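Undergrad: after the sequence you'll find the predicted model.
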Amino acid sequence: MEINQETVAHLAELSNFSLSEEEGKRLESDLAGIIDYISQLDELNTEGIEPTYQVFEMENVWRPDQIEPQEADREELLSLTKEVRNNQIKVPKVL
């Protein structure tokens, strides 16, 4: 993959970055070095090696959803708030 100023400008635009000309040249050089370094992996013989998707033996632990009875009722919980409107807790505006 060839890294040039056009590629750097495109990546900067996608990332919503503003780069000076000097920063663009430095980034072009850095990206080219990174791509060259990673391309060394193409030289490795990976025949017969299974891909690694996860390095730890982890898996999701699922449990069935169960509705359990609650000790508090709606009115009791609403009485703990500062302000209630239409059976809902009123909170300050965020935006």
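TA: Great, that's in hand. Numbering: from 1, shown residues only.
Undergrad: got the phi/psi numbers for V84?
TA: Main-chain dihedrals, V84, degrees, to the nearest 10: phi -130, psi 140.
Undergrad: specify the beta-bridge partners of R85.
TA: Note on R85: beta-bridge partners by DSSP bridges are Q88.
Undergrad: I'd like the distance between it and L41.
TA: R85 sits 60 Å away from L41 when distances are taken as Cβ to Cβ, to the nearest Å. Quick note: C-beta positions are derived from backbone N, CA and C, even for glycine.
Undergrad: and the helix or strand hosting K25, what's buried?
TA: K25 belongs to helix 21-39 when elements are defined using DSSP states H and E. When neighbours are counted by 16 or more other Cβ atoms under 10 Å, the buried residues of helix 21-39 are found to be 24, 27-28, 31-32.
Undergrad: and which of those residues is nearest V94?
TA: Proximity of these to V94 (Cβ to Cβ) peaks at L27, which lies at 36.7 Å.
Undergrad: quick one, what contacts the closest residue in space to that closest one that isn't next to it in sequence?
TA: Leaving aside its sequence neighbours, L27 sits nearest to V8 (Cβ to Cβ, 6 or more residues apart in numbering; 5.3 Å). Taking Cβ atoms under 8 Å, 6 or more residues apart in numbering, we find V8 in contact with 19, 24, 27-28, 31.
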